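> Coordinates for the following, if possible.
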Amino acid sequence: MFNVLCKLVLLAVYGVALASYATPLPLSADAIGWLRIVALALLAVHLLEVVLCFRKVALHKGPLLDSVLLTLLFGFLHWKPMADAVQRTR
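Below is the predicted model of the structure:
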């Protein structure tokens with residue numbers, strides 16, 4: 001449940017950051033600026049995760065591109081449960 005809640009928060013951050021480019025939001029300019037920085041920083045960190053944890057990202061049973069995109073969005077919230085499941089079976 002915690003994993004799902006964290007994913008929803010990440011999607012909300014990305015969604016509000018994207019929406020701020022399309023329409024005026026009832027937030028201060030500073031708040032919007034920081035939200036955009038946070039969203040960009042999260043994407044940058046998750047990009048590093050794709051590179052550094054590629055073996056774990058590749059454990060996804062679906063297409064590799066799907067796993068890469070999900071890791072870009074959710075980071076370890078996507079690949080860590082798969083890696084833990086593989087670890088338990090060994």
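> Grab the nearest non-local neighbour of Leu70.
Residue nearest to Leu70 in three dimensions, not counting chain neighbours: His78, with 4.4 Å by Cβ to Cβ, 6 or more residues apart in numbering. In this view, the C-beta of every residue, glycine as well, is placed from N, C-alpha and C.
> tell me the pLDDT at the one you found?
pLDDT recorded at His78 is 93.
> Counting neighbours, what do you get for it?
Number of residues near His78 (other Cβ atoms under 10 Å) recorded here: 23.
> Cys53 is in contact with Met82, correct?
No. Between Met82 and Cys53 there is no contact under Cβ atoms under 8 Å: 10.6 Å.
> how distant is the worst-scoring helix or strand of the chain on mean pLDDT from the center of its chain?
When each helix and strand of the chain is scored by mean pLDDT, DSSP states H and E, helix 76-89 comes last, with a mean of 90. The gap between where helix 76-89 is centred and where its chain is centred comes out at 16 Å by Cα atoms, centre = their mean, to the nearest Å.
> Give me the contacts around that helix.
3, 6-7, 10, 49, 53, 56-57, 59-60, 67, 70-71 (Cβ atoms under 8 Å, 6 or more residues apart in numbering).
> Quick one: those as JSON lines, columns for distance to Leu18 and pLDDT too.
Formatted as JSON lines, the contacts of helix 76-89 follow (distance: Cβ to Cβ, whole Å; pLDDT from 0 to 100):
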{"residue": "Asn3", "distance to Leu18": "23", "pLDDT": "91"}
{"residue": "Cys6", "distance to Leu18": "19", "pLDDT": "96"}
{"residue": "Lys7", "distance to Leu18": "16", "pLDDT": "96"}
{"residue": "Leu10", "distance to Leu18": "13", "pLDDT": "96"}
{"residue": "Glu49", "distance to Leu18": "21", "pLDDT": "95"}
{"residue": "Cys53", "distance to Leu18": "25", "pLDDT": "94"}
{"residue": "Lys56", "distance to Leu18": "28", "pLDDT": "94"}
{"residue": "Val57", "distance to Leu18": "24", "pLDDT": "94"}
{"residue": "Leu59", "distance to Leu18": "29", "pLDDT": "92"}
{"residue": "His60", "distance to Leu18": "25", "pLDDT": "91"}
{"residue": "Ser67", "distance to Leu18": "22", "pLDDT": "95"}
{"residue": "Leu70", "distance to Leu18": "17", "pLDDT": "95"}
{"residue": "Thr71", "distance to Leu18": "19", "pLDDT": "96"}
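> All good on my end, thank you.
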